[in-house]
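dropping a prediction and its sequence here:
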Amino acid sequence: VQLQASGGGLVQPGGSLRLSCTTSGFDFDEYAIGWFRQTPGKEREGVSCLTSRDGRTYYADSVKGRFTISRNNAKNTVYLQMISLKPEDTAVYYCAAKWRGNSKYDYWGQGTLVTVSS
């Protein structure tokens, strides 16, 4: 099982980035995919989630209206489009997969660093 987050980088405040979570080794269609972020000294924060079969989306209040999660089942990939980025969005972003019947995430990927700074 592999999940690989990519697409991070340095961006100015107000800028945009699109993160990708490329997966393999499990039945992608049966798993919800979530994005999380963490900064040093802080607890990991759930950012967004997209369920498998019904395609429901969830967003943290801090990113609503600015982030959009989507998935491409043909490519086993989930995206996180981020616009109007703020310095407080700076973090390492991780993606994770949760089987639709589970309450906890089963698989985690390595993170990608997003830095929002002028």
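Yes, it's here.

K104: neighbour count?
Using other CB atoms under 10 Å, the number of residues around K104 comes to 7. Using the backbone N, CA and C atoms, a C-beta is placed for each residue, glycine as well.

which of the helices or strands spans it?
Assigned by DSSP states H and E, K104 belongs to no helix or strand.

which residues does it contact?
K98 (CB atoms under 8 Å, 6 or more residues apart in numbering).

same question, the one 5 residues further on
Residues counted as contacts of G109 (CB under 8 Å, 6+ apart) are 2-5, 21, 23, 94-96.

surely R53 is in contact with N73?
No. The pair R53 and N73 fails to qualify as a contact (CB atoms under 8 Å) at a distance of 10.6 Å.

now do the same contact list for P13.
With CB under 8 Å, 6+ apart, P13 has these contacts: 85-87, 116-118.

torsion angles phi and psi at it?
When read as degrees, to the nearest 10, the backbone of P13 gives phi -50, psi 140.

before we move on, the earlier item: so which of the contacts of P13 belong to strands?
Counting by DSSP state E, the part of the contacts of P13 found in strands is V116.

ranking the contacts of P13 by neighbours, who comes first?
L85 (22 neighbours).

list the contacts for the nearest residue to that residue once chain neighbours are set aside?
Distance criterion CB to CB, 6 or more residues apart in numbering; nearest residue to L85, sequence neighbours excluded, is V116 at 4.6 Å. By CB under 8 Å, 6+ apart, the contact set of V116 is 11-13, 15, 85-90.

in the chain, which spans are strands?
2-6, 9-11, 17-24, 31-38, 45-50, 57-59, 67-72, 77-82, 91-99, 107-108, 112-116.
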